[in-house]
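Peer 1: make a model of this:
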Amino acid sequence: MVAAPHKSSAPRKDTGEKLIASNPTARSNYFIEEVIEAGIALTGTEVKSLRSQTPNIRDAFVEVTGRVKLEAWLLNAHIAPYTHGNIWNHDPLRRRKLLLHRNQIDKLFGAITQKGLNVIPLRMYFKAGKAKIELGVGKGKKKYDKREDLKKKSAQKEMDQALKQRR
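Peer 2: Take a look at the predicted model:
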């Protein structure tokens, strides 16, 4: 008899990931077409703050800038100042550089400029002691798309309940 896995923020044994923060509104507001994992360049107090508190990535987005050398930046991600930090504590809303391969950055730049897609953080986690962020490349949903998703979800829920009662 196998026990059902429970949902928690504890590290998953199979991947070694420890969830720090997630963005639940991302999948409801965007059609996510592709998911990319990126590293984040952080200062020491930011890492300590991530280990003790949860950041806010709901309003965060990714911007790809640069003339000769393209770079990806995470903007509007709020990481609270470290409680035991001193005068060299970090700014909570500073731009954070994303660590990606050149071809991944080029792909993101093409998706943003040519296709008009958005790059949104889906979740932030520690993987093997390193801070990582999962980015979703997608298109924004309209109001009628959101209503359609709610209808599908409620219909599925009703079918599941009917099947459960039948058993």
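
Peer 1: what is the neighbour count of the closest residue in space to Arg102 that isn't next to it in sequence?
Peer 2: For Arg102, the nearest residue in space outside its immediate sequence neighbours is Leu70; the separation is 8.0 Å by CB to CB, 6 or more residues apart in numbering. For the C-beta atoms, the positions are set from N, CA and C on the backbone; glycine is no exception. Leu70 is flanked by 14 other residues according to other CB atoms under 10 Å.

Peer 1: Gln53 now?
Peer 2: The burial count for Gln53: 15, using other CB under 10 Å.

Peer 1: quick check: it touching Ala80?
Peer 2: Yes: with contact defined as CB atoms under 8 Å, Gln53 counts as touching Ala80 (5.1 Å).

Peer 1: who are the neighbours in contact with Phe61?
Peer 2: Neighbour list for Phe61: Leu74, Leu75, Asn76, Asn118, Val119, Ile120, Pro121 [criterion: CB atoms under 8 Å, 6 or more residues apart in numbering].

Peer 1: for ChimeraX, what selects the buried ones among those?
Peer 2: Of the contacts of Phe61, the buried ones can be selected in ChimeraX as follows, counting by 16 or more other CB atoms under 10 Å:
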select :74,118,119,120,121
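
Peer 1: low-confidence ranges, the protein, go.
Peer 2: Residue ranges of the chain with pLDDT under 70: 1-15.

Peer 1: please, which helix or strand holds the residue most central in space within it?
Peer 2: In the chain, the residue lying closest to the centroid (CA atoms, centre = their mean) is Leu122, at 2.2 Å. If you go by DSSP states H and E, Leu122 is part of strand 118-127.

Peer 1: helices and strands around that strand, which ones?
Peer 2: With contacts taken as 3 or more CB pairs under 8 Å, 6 or more residues apart in numbering; DSSP states H and E, strand 118-127 sits against strand 17-22, helix 24-29, strand 30-40, strand 61-65, helix 102-113, strand 130-140.

Peer 1: select, out of these, the one closest to Leu150.
Peer 2: helix 24-29 (9.1 Å; CB to CB).

Peer 1: quick check: buried residues in the closest one?
Peer 2: Applying 16+ other CB under 10 Å to helix 24-29 flags Ala26, Arg27, Asn29 as buried.

Peer 1: can you tell me how far the first one is from Leu135?
Peer 2: Distance, Ala26 to Leu135, using CB to CB, to the nearest Å: 10 Å.
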